[in-house]
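K.L.:
Fold the stuff below for me.
(2 chains)
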Amino acid sequence: NAGVTQTPKFQVLKTGQSMTLQCAQDMNHEYMSWYRQDPGMGLRLIHYSVGAGITDQGEVPNGYNVSRSTTEDFPLRLLSAAPSQTSVYFCASSYSKHLRPQHFGDGTRLSIL
Amino acid sequence: GIQVEQSPPDLILQEGANSTLRCNFSDSVNNLQWFHQNPWGQLINLFYIPSGTKQNGRLSATTVATERYSLLYISSSQTTDSGVYFCAVVGGGADGLTFGKGTHLIIQP
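P.N.:
Next up is the predicted model:
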């Protein structure tokens, strides 16, 4: 039982490049979400999904796309990377968005040059 | 949206000391969690505690939902307790966790 797995762990991009951050969970959780963490701050919600085929925006969605074709996977896409997207990205999952603890992956550290 | 404030922002203690971390929130919540972010950046879920009191070894937490605060107690601190402690809630109509800015704890040997 691996929990929440994020890949890659580190990535450096040039401004304007696109990439996909991968997130997979093996706990059959319906709710999955993406957060970003900037220095000196807590995490902020980017996008979330309450089940396969259903996604919605969080607090800071601009510049990011998500899809949820399966229960297990929830990739985050950067369409055209900008230096302001330099951050650490965390994926999380739980049985529901309200009533259960959320489990986090180990994060992806992303630098945009 | 809901506001989450944590105090103190920084705390430096000697090994063996006890500490209390506080989390205040501005609206009713139906999910409150405490996390420890270790020096490697991993977020470890300590407690899921929307109300009441829980204990896990040297750590315990209490949430008084009616007064909109939660406390995390760490007893007999060890150097491995160092890191950032986050309080996060679901409430105020938000669809995910709203995090406080954390308490940065340093335990010196």
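
K.L.:
Return the per-residue confidence for whatever residue of chain B ends up closest to chain A.
P.N.:
Taking CB to the nearest CB as the measure, chain B has residue B:99 as its residue closest to chain A, at 2.9 Å. Bear in mind the C-beta positions are built from the backbone N, C-alpha and C, glycine included. For residue B:99, the pLDDT comes out at 93.

K.L.:
Specify the beta-bridge partners of it.
P.N.:
residue B:88 (DSSP bridges).

K.L.:
Check whether residue A:94 really touches residue A:50, as I assumed.
P.N.:
No - with contact defined as CB atoms under 8 Å, residue A:94 does not count as touching residue A:50 (10.5 Å).

K.L.:
that older thread, spit out the contact partners of the residue of chain B closest to chain A.
P.N.:
Shown in contact with residue B:99 (CB atoms under 8 Å, 6 or more residues apart in numbering or on different chains): A:35, A:41, A:42, A:43, A:44, B:4, B:86, B:87, B:88.

K.L.:
what about residue 68, neighbour count?
P.N.:
If you meant another chain, say so; for now it's chain A. Other residues near residue A:68 come to 20 when the count uses other CB atoms under 10 Å in any protein chain shown.

K.L.:
sorry, should have said chain B
P.N.:
With other CB under 10 Å as criterion, residue B:68 counts 17.

K.L.:
hang on, it packs against residue B:26?
P.N.:
Yes - taking CB under 8 Å as the definition, residue B:68 is a contact partner of residue B:26 at 6.9 Å.

K.L.:
can you pull the contacts of residue 11?
P.N.:
If you meant another chain, say so; for now it's chain A. A:19, A:21, A:108, A:109, A:110, A:111.

K.L.:
sorry, should have said chain B
P.N.:
B:19, B:21, B:103, B:104, B:105, B:106.

K.L.:
how about the nearest residue to the second one, chain neighbours excluded?
P.N.:
Nearest in space to residue B:21, with sequence neighbours left out and distances taken as CB to CB, 6 or more residues apart in numbering or on different chains, is residue B:72 at 4.4 Å.

K.L.:
Likewise for the fifth one?
P.N.:
Distance criterion CB to CB, 6+ apart; nearest residue to residue B:105, sequence neighbours excluded, is residue B:11 at 5.0 Å.

K.L.:
tell me the secondary structure for the one you found?
P.N.:
strand (DSSP: H, G, I helix; E, B strand; the rest coil).

K.L.:
Count the neighbours of the closest residue to residue A:69 other than its chain neighbours for me.
P.N.:
For residue A:69, ignoring the flanking residues on the chain, the nearest one in space by CB to CB, 6+ apart is residue A:52 at 6.7 Å. For residue A:52, the neighbour count with other CB under 10 Å is 16.
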